[in-house]
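# Fold the following for me, if possible:
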Amino acid sequence: MANFLYANTHSIFDYTNGISKSIKLILENLVKLGNSVYVITGCTSFSEEGFNESIKAWDQANKQQFMYQKSGSIRFNQNGVNYSLIRTKFGPSLKLQIWEQEYIYREVIRILDTKEIEVCICWGSHLLEESIFKEAEHRKINTCYYLTNPNMKGKDNYLLKNANHIWTDSQATKKLYEDDLKSNFMVIPKFIEEPKEKMEEIKSSFLIKKCLFVNPTLYKGFEAFIEISNYFTKTKNDIRFICVDSRSQLKKSLTDLKITLNQLPSNIDIKAATKHTDKLFRGISILLLPSLWHESGSRLIYEAYSRGIPVIAFNTGGTSEMMNHFKEDIFSPPNIKLENGIIRVINWSPDSLCKRIQDLLKDKDLYDQYSKKIKKNYDDLNLASKCDQALKEITNLLIKNNQE
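Numbers count the residues shown, from 1 in each chain. A predicted model of the protein is given here:
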């Protein structure tokens, strides 16, 4: 077994960030396999909701201390993981204070000096993260970069270029980067928290007709989502569209599209983020994933499938890998263009995609049959076992590299 260190300014408790959620589950499963895991993280987050959740975690841990402190590092153990959580004053990482960076860096040095760390996991590109990475390099510790989006393509990222290993969640992302990077690529399946609630049983003869769309940014397909919703408004269909503003980006997206909230189709309901996945999918009949960019491996797909919920998506990135048994629900993405740095959809008709939505929701018995097929296929994947096996192989490889 090995000792792992994960250090990043961005909060691992930011539930609105897919990377944080994935890494947190990976680390918890590493502990279950007998490894020791140390996490040093700040409270900075991509959203106000994620920041508040991180502050909440800090306050809860602080209550367990013998003496209350207003700042600095709180150390606690949760699900077997040893956390050092540094309270930060602001949410955005660019507003990280000098003393906050000092706390994070000094806590990293403390762990490296007192624990026999064999593997350092990282992501990001800030100077503080680079400094932590270089310290691990200097100590000849195995470095692993977690890579799950296309943003780093073509960028001069020291961590990414010099990591011993790159962890990613799809063959598509491996293929996107492997010609540019010399590191050893490892594809780790998605770790998904199993639903705590069973699918709601609809006792009436009618099927609830609600489609879920998460994170209304333009690169996630917000403009296409509007066109889909508008299609059903024009056809006077009773389908509702739930838009979860998980990172508080709705206002910016509306500004970029030069429309107001009141100009959105009337069948769209805007909701705030929630950390509870069961609550997110409660009463939902279809998940929409119209991403326009390289979607490495959206955890939303398996979160929906684990509940028997169909997913309708554009074929971008690793989406087709996760949906390969349900190709009838995958559609070619629309053509796009950039207008002053803003991604826009051009010359696209939602008709075929909308017809698929109609076909899925026209009959309750047919929907229930399809839902059971999806749930069975997900169960047959035995995802938890595959994830554990991948982590065992990775751990053995890293230990072998250290010995050499």
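# where along the stretch 1-150 of the chain do the strands fall?
Ranges of strands within the stretch 1-150 of the chain are 3-10, 36-44, 73-78, 81-86, 119-122, 142-146, based on DSSP state E, counting those that start in this stretch.
# buried set for the first one?
Of the residues in strand 3-10, those buried by neighbour count under the rule 16 or more other C-beta atoms under 10 Å are 4-10. Bear in mind the C-beta positions are built from the backbone N, C-alpha and C, glycine included.
# got it, and the third one?
Buried residues in strand 73-78, defined by neighbour count with 16+ other C-beta under 10 Å: 73-74, 76.
# okay if I get those as JSON lines plus pLDDT and distance to residue 292?
Output for the buried residues of strand 73-78, formatted as JSON lines (pLDDT from 0 to 100; distance: C-beta to C-beta, whole Å):
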{"residue": "73", "pLDDT": "82", "distance to residue 292": "40"}
{"residue": "74", "pLDDT": "89", "distance to residue 292": "40"}
{"residue": "76", "pLDDT": "92", "distance to residue 292": "40"}
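# circling back: going by mean pLDDT, which of the strands of the stretch 1-150 of the chain comes out lowest?
Lowest mean pLDDT within the strands of the stretch 1-150 of the chain: strand 73-78, a mean of 90.
# can you list the residues that contact it?
58, 61-62, 64-65, 82-87, 103, 107 (C-beta atoms under 8 Å, 6 or more residues apart in numbering).
# from those residues, which is closest to residue 115?
residue 82 (8.8 Å; C-beta to C-beta).
# The nearest residue to that closest one once chain neighbours are set aside: neighbour count?
Nearest non-adjacent residue to residue 82, counting by C-beta to C-beta, 6 or more residues apart in numbering: residue 38, 4.8 Å away. Neighbourhood size, residue 38 [other C-beta atoms under 10 Å]: 24.
# What of the one 3 residues further on?
Residue 41 has 26 neighbours, counted by other C-beta under 10 Å.
# Which residue is the nearest non-sequential neighbour of it?
Among residues not flanking residue 41 along the chain, residue 12 sits closest, at 4.7 Å (C-beta to C-beta, 6+ apart).
# Next, the contact list for the one you found, please.
So residue 12 contacts 6, 20, 23-24, 27, 39, 41 (C-beta under 8 Å, 6+ apart).
# residues of the top helix by length along the chain that come out buried?
If each helix of the chain is counted by residues according to DSSP state H, the longest one is helix 383-403. Buried residues in helix 383-403, defined by neighbour count with 16+ other C-beta under 10 Å: 383, 387-388, 390-391, 394-395, 398-399.
# Can I get the strands of the stretch 1-150 of the chain in a markdown table including distance to residue 320?
As requested, these are exported to a markdown table (distance: least, C-beta to C-beta, whole Å):
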| stretch | distance to residue 320 |
| --- | --- |
| strand 3-10 | 29 |
| strand 36-44 | 32 |
| strand 73-78 | 35 |
| strand 81-86 | 33 |
| strand 119-122 | 28 |
| strand 142-146 | 22 |
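# gap between the most centrally placed residue in the chain and residue 238?
The chain has residue 18 as the residue nearest its centroid, 1.4 Å off, counting by C-alpha atoms, centre = their mean. For residue 18, the distance to residue 238 (C-beta to C-beta, to the nearest Å) stands at 32 Å.
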